[in-house]
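Colleague: Below is the sequence, then the predicted model.
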Amino acid sequence: MTVDVDDEEKTWWRSPLLRTSLAGLTLQNPVLAASGTFGYGIEYGGLVDVTKLGGICTKGVSIDPWPGNRPPRLAETPAGMLNAIGLQNPGAAAFAEDYLSWLAEQTPAVVVNIVGRTIEEYSAVAAFLDRKAGIDALEINISCPNIKKGGLSFGTDPQAAAAVVKAVRRVTSLPLIAKLTPNVTDITQIACAVEAAGADAVSLINTITGMIIDVNRRRPLLANVFGGLSGPAIMPVALRMVWQVYEAVKIPIIGMGGITSAHDALQFIMAGARAVAVGSATFRRPDTMVEVVRGLYDYCREQRTSIAALVGVAHGGAH
Amino acid sequence: MTVDVDDEEKTWWRSPLLRTSLAGLTLQNPVLAASGTFGYGIEYGGLVDVTKLGGICTKGVSIDPWPGNRPPRLAETPAGMLNAIGLQNPGAAAFAEDYLSWLAEQTPAVVVNIVGRTIEEYSAVAAFLDRKAGIDALEINISCPNIKKGGLSFGTDPQAAAAVVKAVRRVTSLPLIAKLTPNVTDITQIACAVEAAGADAVSLINTITGMIIDVNRRRPLLANVFGGLSGPAIMPVALRMVWQVYEAVKIPIIGMGGITSAHDALQFIMAGARAVAVGSATFRRPDTMVEVVRGLYDYCREQRTSIAALVGVAHGGAH
Amino acid sequence: MCQDDNKRQFITRITSHRQLTRDIWELRCDLPSGMLSASPGQFVMIEVSPSLQPFLRRPFSIAYRQPAPSGKGEEFAVIYRVVGEGTRRLKSLSPGDEVNIIGPLGRGFTWPRRDDRRPVLIGGGLGVPPLLFLAQRMVASGVVPQFFAGFTRADQAVGLDMLSELGVVPVVATDDGSLGRRGLVTELLPDPPPGDLCVYSCGPLPMLQAVASWCRTGRIPCEVSLENRMACGVGACLGCAWPAAVPESHDRDSRRYVLICKDGPVFAAEEVFAFDR
Amino acid sequence: MCQDDNKRQFITRITSHRQLTRDIWELRCDLPSGMLSASPGQFVMIEVSPSLQPFLRRPFSIAYRQPAPSGKGEEFAVIYRVVGEGTRRLKSLSPGDEVNIIGPLGRGFTWPRRDDRRPVLIGGGLGVPPLLFLAQRMVASGVVPQFFAGFTRADQAVGLDMLSELGVVPVVATDDGSLGRRGLVTELLPDPPPGDLCVYSCGPLPMLQAVASWCRTGRIPCEVSLENRMACGVGACLGCAWPAAVPESHDRDSRRYVLICKDGPVFAAEEVFAFDR
Ligand SMILES: Cc1cc2nc3c(=O)[nH]c(=O)nc-3n(C[C@H](O)[C@H](O)[C@H](O)COP(=O)(O)OP(=O)(O)OC[C@H]3O[C@@H](n4cnc5c(N)ncnc54)[C@H](O)[C@@H]3O)c2cc1C
Ligand SMILES: Cc1cc2nc3c(=O)[nH]c(=O)nc-3n(C[C@H](O)[C@H](O)[C@H](O)COP(=O)(O)OP(=O)(O)OC[C@H]3O[C@@H](n4cnc5c(N)ncnc54)[C@H](O)[C@@H]3O)c2cc1C
Ligand SMILES: Cc1cc2nc3c(=O)[nH]c(=O)nc-3n(C[C@H](O)[C@H](O)[C@H](O)COP(=O)(O)O)c2cc1C
Ligand SMILES: Cc1cc2nc3c(=O)[nH]c(=O)nc-3n(C[C@H](O)[C@H](O)[C@H](O)COP(=O)(O)O)c2cc1C
Ligand code: FES
Ligand code: FES
């Protein structure tokens, strides 16, 4: 690769060394904001220069407004946190009206995370968003409770996961990313099912289900009893799943779970991720994502390599 | 409960307040050493007063000696660690000869953790140990790779898990504890299967599969690629599973995963565990187990309660 | 969506750190020039540990601002109780150390007001500090507020020196009578409340509810400052939700909750306390 | 199973903590009276953080022992390089601070010996410190060892002052020739080795292998000190396994590995290096 070094130094976050392509879209760099941890972008205004990111995955959007769970919704755990937000969101119409234009103007790539309680709800929100300008891809959060199947998540059953992806595929031509839940025996089964159903990429991992007991009250601390574990604590599990899925599917992987540094992001990339997302770490240090981009750039420069060349290298042989 | 307070103060670790019964055996207190983190007990000689524990679960023992995995076998992770020991052990005969008499003499209760690569190997080691004096219970580690089924763990499939327990049940009259792996979609399925197969209790959780990449070498850090995640990082996941299994089965639960304090142990007990095991924390602070016993005693005294009365209270209604 | 973009991340330096009571400390830091807009009721998120444990920042109200001892610029104070690992870490920091903060965050108290109601400040325990900053501002604008302060015991009292510097004479109550009157601070309030007051309150939830009820009987405006566990502090994670009192106009499900970090921490009492349910 | 039960957990106090080179520090602590049996080659596990992160203790060799400056008892030293979070934490501790240690751990160097071979100590980089303690003991028993020390550069050299105090004159090599001879320390060894030597070595793995080969050519006994990641440090977790050289007598599968923390860290070279494979 020939690169004009001086020019590049000034615009490192969009250096060709960092470019990555994914589900039919090209990202200026591989670092995304993870869904649900960056709101609709504007909330971090003043704290994060979103123009330097690869893109933003929005908070989950449903066709109708969802109220979310009763508080308490948060708890801190060793090197991590539990959340039970319950996918509170204003609904697709309000999202499109209130947030989409800012996102489309400010951010290099807009990935809208979509949620539903039935296959019909997933299709409805996808069809609605398909008609809106400014969206680069949809990320289907299949970890939502499937209310027709007694609340077990769509993402824990290969058939249900495939059914959601197929239904959404039918109503939109946007690139589709299936966001997988780690709460399964064999994540490669789910990954293969969504690949066969037409997903252009997979995102993993979503949070691991956990809980905490409030010893004083002798009751679960979260009103919802269970919450999703995220943050550095889960990174080894996330990396393992990225590694496994890389060996099982051909579609690109967006890796996430506990990333706080470029060093962490490199591990995901070497395990097989073409892009990464930073979630909980943003709460601690809003500038984490931009620091990760810079760190990846420095690494590529020092090591005379590029993100594209690093994807999956830890597997040794060719993919 | 009437208790002679003065007498009790001198022998707090065997206060009636702490007594717990489990799989047909009564423990002086509910704190066990977790399998694989306390060797065969003697290794911690001088560092831990084992007479003050509820008991010890030994490192996994197989019928033949197992060499274990190539190094590196360990890595540290945020608030936790990965291990890929590969169940190295000297085999049942050497175990019985070299370690059992010390264990039987020194420790209040001896739980021998058993492992195998086939159902026959599990039966063989159980039958062998059944004839030895000094063993209070067997803990069947069903997370071992099932070599007849391509290496997937016995513990991830309800049928395979039940088959192991049934086979072991046939060859021994010792109390049987099935040790469950968390790497499953629905742990209650496995718990119900082993309960139906004749397990007297369940232990959970074993480690969560994870990995780390050595960025310098661009290869997995552990020679075995994958390792088991343990330590405080996993505690919310462990607690959630204890909670779920408590609602699904009638047999007692031994809870573990990330316990470092009496406060942590109380969370497990309130979630439904009749006993707890401390694993990785012992590496950091060998006196953790004894501190936990003392902390539980103080809590019971202050709150005028007992361990037996606290089991499962966080569920609210009666079990 | 219009967003208040004053909030920034700053590395600031500790100017002083002293113990006020057995478990309460006062931390003063340089006020970054980017935080000059910080107003009473607003808060900062402090990174308490260089390691990943504890992982999240901790929210603390700004207790007051004052000229820096160096003569250049200002400093701000945070008064906090050591309750867990995060505050234990904070306690270990020394003057000269750097701290990473995000601020100013949230919506503070409404001051100055458009009407000429007489302000009454009612604080309980560590609810007193944010009201000090409000009292500072009121005095600076020529209004001396009434100040009611409740503590569990005399040795838990904080902020009284600052109030006397300001010329504010607080009415104090303690649970055990070891300072001021014995009982709850809300028992000292005149009943019924004079109709020309406006009330600002911060403290434990039962106290705030009692204060809000009292205000309601007199139909006087009441602002309360709430707390909740927070992750982001900026309205992004939706973690600090609090049930809204659901006035009719809020017909959409998604408005069932307010966010303490962004819509608050200061709310008009009727936004968050539903008395009619 | 017979177990050496000298190991205990101690809270000890830092007596001094100084920077030796850009990234190497020397920590001295009171030697707990329960650790009086600590001998050269043994190590301690230090708890480096009060929080759960980093979670595990860190192993460090005992670099030397000496009378405490207070006149009462002894102190011991650890010389360490700052390489990661754990050692960064360690660095932040000050004299007077408490540290939680477990020790003495492991099997050290064989000294005194039953034969009268002339001891040669060969250290590389941070392999030099544990050999200081061994040299101390040798000198105390009236034997002045030969000492070869290799470093990357002059500014990485440690232990030379201690050696000169002991009256040991080391032969030094540095990679760049900035101190002593240019090249590897192993290039300074006489070839073939005199047959009446016994060798003790600690340093990077390639150096140890070269030293062991050299000893083998002269059929002289060689002890090497190894390192590996550790969790327990006491032989319980089986985490620090190292491939054994599998002599015929070790027929059981379970002896395919030795444990660095319990069977070592010091081994006879032929226990851990298989030259014939
Ligand atoms: C807007 C806002 C302003 C605040 N201002 C102040 C202040 O000026 N001075 C002050 O001392 N404290 C203030 N707090 C509370 C302070 O943030 C917590 O005490 C602190 O986060 C505890 O951290 P920790 O790690 O020491 O305790 P933890 O170990 O996290 O918790 C210890 C105990 O405190 C409780 N707790 C933890 N976080 C919160 C929280 N956010 N709200 C309520 N309870 C909590 C826990 O349930 C637990 O019982 C404020 C909180 C908010 C939301
Ligand atoms: C018996 C024994 C004695 C030792 N004596 C000394 C000594 O006297 N002085 C000294 O400076 N160091 C010594 N070490 C090495 C020391 O334990 C490690 O440098 C330290 O644990 C690193 O901790 P950290 O958190 O700073 O680094 P980490 O963040 O844990 O790791 C930083 C780097 O060091 C490597 N590393 C970590 N642990 C080890 C290990 N146990 N062995 C080899 N590489 C490792 C990692 O791979 C990584 O590249 C000894 C190790 C052993 C096993
Ligand atoms: C507060 C919070 C809210 C989240 N909301 C969503 C969501 O709406 N949709 C989704 O797909 N993932 C959601 N996630 C999961 C994250 O996108 C991410 O997969 C997970 O947190 C792991 O990454 P991390 O460890 O970097 O946080 C949420 C996570 C957090 C912490
Ligand atoms: C080094 C190591 C070795 C282990 N070996 C075994 C084993 O042989 N058999 C078993 O059932 N569990 C084994 N475990 C799992 C522990 O018993 C325990 O279930 C797990 O570590 C979670 O507890 P913790 O977080 O307190 O460590 C091992 C764990 C560790 C860290
Ligand atoms: S703390 Fe994140 S929305 Fe309030
Ligand atoms: S470190 Fe645990 S056996 Fe050596």
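Modeller: Nice, I can see it. Ligands and ions are numbered 1, 2, ... in the order given.
Colleague: Now do the helices in chain A.
Modeller: With DSSP state H as the criterion, chain A has helices at A:5-10, A:92-98, A:100-106, A:119-130, A:158-171, A:187-196, A:235-248, A:262-271, A:281-284, A:288-303, A:307-310.
Colleague: can you list the weak-confidence ranges in chain C?
Modeller: Chain C contains residues with pLDDT under 70 at C:1-5, C:246-255, C:275-277.
Colleague: rewinding a little: now tabulate the helices of chain A in JSON lines and tack on mean pLDDT, mean neighbour count and distance to chain B.
Modeller: Where you see a C-beta, it was placed from the backbone N, CA and C, and this is true even at glycine. Listed next are the helices of chain A as JSON lines, based on pLDDT from 0 to 100; neighbours: other Cβ atoms under 10 Å in any protein chain shown; distance: least, Cβ to the nearest Cβ, whole Å:
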{"stretch": "helix A:5-10", "mean pLDDT": "73", "mean neighbour count": "10", "distance to chain B": "23"}
{"stretch": "helix A:92-98", "mean pLDDT": "95", "mean neighbour count": "17", "distance to chain B": "30"}
{"stretch": "helix A:100-106", "mean pLDDT": "93", "mean neighbour count": "17", "distance to chain B": "31"}
{"stretch": "helix A:119-130", "mean pLDDT": "96", "mean neighbour count": "20", "distance to chain B": "20"}
{"stretch": "helix A:158-171", "mean pLDDT": "96", "mean neighbour count": "20", "distance to chain B": "11"}
{"stretch": "helix A:187-196", "mean pLDDT": "97", "mean neighbour count": "21", "distance to chain B": "10"}
{"stretch": "helix A:235-248", "mean pLDDT": "98", "mean neighbour count": "25", "distance to chain B": "3"}
{"stretch": "helix A:262-271", "mean pLDDT": "98", "mean neighbour count": "26", "distance to chain B": "4"}
{"stretch": "helix A:281-284", "mean pLDDT": "97", "mean neighbour count": "25", "distance to chain B": "11"}
{"stretch": "helix A:288-303", "mean pLDDT": "97", "mean neighbour count": "20", "distance to chain B": "8"}
{"stretch": "helix A:307-310", "mean pLDDT": "96", "mean neighbour count": "20", "distance to chain B": "8"}
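Colleague: Distance to ligand 1 added to the ones you listed, as a markdown table?
Modeller: Conversion of these to a markdown table gives the following (distance: least, Cβ to the nearest ligand atom, whole Å):
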| stretch | distance to ligand 1 |
| --- | --- |
| helix A:5-10 | 40 |
| helix A:92-98 | 25 |
| helix A:100-106 | 26 |
| helix A:119-130 | 33 |
| helix A:158-171 | 36 |
| helix A:187-196 | 32 |
| helix A:235-248 | 22 |
| helix A:262-271 | 24 |
| helix A:281-284 | 13 |
| helix A:288-303 | 21 |
| helix A:307-310 | 37 |
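Colleague: Output those as CSV; include the columns distance to chain D.
Modeller: As requested, the helices of chain A are arranged in CSV below (distance: least, Cβ to the nearest Cβ, whole Å):
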stretch, distance to chain D
helix A:5-10, 28
helix A:92-98, 37
helix A:100-106, 35
helix A:119-130, 39
helix A:158-171, 35
helix A:187-196, 26
helix A:235-248, 13
helix A:262-271, 11
helix A:281-284, 13
helix A:288-303, 17
helix A:307-310, 23
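Colleague: So for A:Pro71, what's the nearest residue that isn't a sequence neighbour?
Modeller: C:Ala241 (5.2 Å; Cβ to Cβ, 6 or more residues apart in numbering or on different chains).
Colleague: A:Thr288 now?
Modeller: Looking at A:Thr288 with Cβ to Cβ, 6+ apart, the closest residue is A:Ala281, at 4.4 Å.
Colleague: Tell me if I'm right that that neighbour and A:Gly257 touch.
Modeller: No: contact criterion Cβ atoms under 8 Å: A:Ala281 and A:Gly257 do not qualify, at 10.6 Å.
Colleague: Return the residues of the stretch 51-200 of chain A in contact with chain C.
Modeller: When proximity is defined as Cβ under 8 Å from any Cβ of the partner chain, the stretch 51-200 of chain A approaches chain C at A:59, A:64-68, A:70-76, A:78-81, A:83, A:85, A:88-91, A:94, A:98-99, A:102.
Colleague: Could you rerun that using 10 Å?
Modeller: A:59, A:62, A:64-91, A:94-95, A:97-99, A:101-102 (Cβ under 10 Å from any Cβ of the partner chain).
Colleague: how about the strands in the stretch 101-250 of chain C?
Modeller: C:118-124, C:146-151, C:171-174, C:181-182, C:197-202, C:222-225, C:241-243 (DSSP state E, counting those that start in this stretch).
Colleague: from the chain's centre, how far out does the first one sit?
Modeller: On the basis of Cα atoms, centre = their mean, to the nearest Å, the separation between the geometric centre of strand C:118-124 and that of its chain is 12 Å.
Colleague: Which elements pack onto it?
Modeller: Where contact means 3 or more Cβ pairs under 10 Å, 6 or more residues apart in numbering or on different chains; DSSP states H and E, strand C:118-124 is packed against helix C:128-140, strand C:146-151, strand C:197-202, helix C:205-217, strand C:222-225.
Colleague: got any residues that touch both of A:Ala281 and A:Gly257?
Modeller: Contact with both A:Ala281 and A:Gly257 is made by residues A:34, A:230-232, A:264, according to Cβ atoms under 10 Å, 6 or more residues apart in numbering or on different chains.
Colleague: what about burial for those residues, which qualify?
Modeller: A:34, A:230-232, A:264 (16 or more other Cβ atoms under 10 Å in any protein chain shown).
Colleague: any chance of those in TSV, plus distance to ligand 6?
Modeller: As requested, these are exported to TSV (distance: Cβ to the nearest ligand atom, whole Å):
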residue	distance to ligand 6
A:Ala34	36
A:Ser230	30
A:Gly231	27
A:Pro232	23
A:Asp264	26
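Colleague: What's the end-to-end length of stretch C:28-45?
Modeller: 14 Å (Cα to Cα, to the nearest Å).
Colleague: Can you give me the buried ones in it?
Modeller: C:28-32, C:35, C:38-45.
Colleague: That stretch and ligand 5, are they touching?
Modeller: No: applying Cβ under 6 Å from any ligand atom, one finds stretch C:28-45 out of contact with ligand 5, separated by at least 8.7 Å.
Colleague: measure the residue of the stretch 151-300 of chain A found nearest ligand 5 to ligand 6 for me?
Modeller: Nearest residue of the stretch 151-300 of chain A to ligand 5, counting by Cβ to the nearest ligand atom: A:Phe283, 7.3 Å away. Distance of A:Phe283 to ligand 6, given as Cβ to the nearest ligand atom, to the nearest Å: 35 Å.
Colleague: Against C:Cys232, how distant is that residue?
Modeller: To C:Cys232, A:Phe283 is 5 Å away according to Cβ to Cβ, to the nearest Å.
Colleague: count of neighbours near the nearest residue to A:Pro286 once chain neighbours are set aside?
Modeller: Among residues not flanking A:Pro286 along the chain, A:Leu47 sits closest, at 4.1 Å (Cβ to Cβ, 6+ apart). Using other Cβ atoms under 10 Å in any protein chain shown, A:Leu47 has 20 neighbouring residues.
Colleague: isn't the residue of the stretch 151-300 of chain A closest to ligand 5 right up against C:Arg57?
Modeller: Yes: between A:Phe283 and C:Arg57 there is a contact under Cβ atoms under 10 Å: 7.2 Å.
Colleague: Fine, thanks again, bye for now.
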